[in-house]
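Q: okay, sequence plus prediction incoming.
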Amino acid sequence: MPKILVVDDDPSVRQLVRDVLEIEGYEVDTVEDGASALLHVAGDRPDCVLLDVMMPGLSGHEVLARLREADEGGAMLPVVMLTAAADDAQAWQAWSGGVDYFLAKPFDASDLLRFLDHLFDPSAVATAGARASR
């Protein structure tokens with residue numbers, strides 16, 4: 001199963017998301033801030049990052065920008081942003097920064113799982129690969 005990195009400064013959110021994902025069979029690692037997320041991605045690259053926007057130190061937007069600039073494939077790493085500050089400006093900044101999916105907190109776990117199912121669906125990956133090779 002794919003490995004997901006959950007980045008959130010709120011321990012209860014980290015645990016909730018971990019529980020939801022592990023029940024579905026995902027391998028889950030968690031960190032509490034943006035700097036730790038960047039170190040984790042560099043050392044043990046996940047298949048997807050679930051990233052809070054509002055964190056002390058580096059914000060989720062700053063982490064996303066650094067991931068997208070990374071030479072080690074960060075531009076292709078799927079990133080889902082979770083935020084309690086889900087106004088239009090936050091959403092626009094996330095989409096402009098290259099986020100793959102954006103969810104407002106509190107979020108419906110089924111929305112997140114639907115996105116991850118689509119992201120990791122082998123038939124969707126094979127179809128996208130066939131289109132890209134044409």
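A: Sure thing, it's come through.
Q: next, the contact list for Gly60, please.
A: 7, 34, 51-54, 81, 83, 94 (C-beta atoms under 8 Å, 6 or more residues apart in numbering). Placement of C-beta: from N, CA and C, glycine included.
Q: nearest to Asp100, of these?
A: Asp100 lies nearest to Met81 out of those, by C-beta to C-beta, at 8.8 Å.
Q: next step: the contacts of Gly60 restricted to strands.
A: The strands, defined by DSSP state E, take in 7, 51-52, 81, 83 from the contacts of Gly60.
Q: what residue ranges in the protein score low on pLDDT?
A: 71-73, 86, 123-134 (pLDDT under 70).
Q: quick one, strands of it?
A: With strands called from DSSP E, the chain shows them at 3-7, 27-31, 48-52, 79-83, 101-104.
Q: out of the ones you listed, deepest packed?
A: strand 48-52 (a mean of 25; mean count of other C-beta atoms under 10 Å).
Q: nearest residue to Leu77 other than its sequence neighbours?
A: In this structure, Leu77 finds its nearest non-sequential neighbour in Leu67, 5.8 Å apart by C-beta to C-beta, 6 or more residues apart in numbering.
Q: and that neighbour, what does it touch?
A: Counted by C-beta under 8 Å, 6+ apart, Leu67 has contacts 38, 41, 49, 74-75, 77, 79.
Q: at 7 Å what do you get?
A: 41, 74, 77, 79 (C-beta atoms under 7 Å, 6 or more residues apart in numbering).
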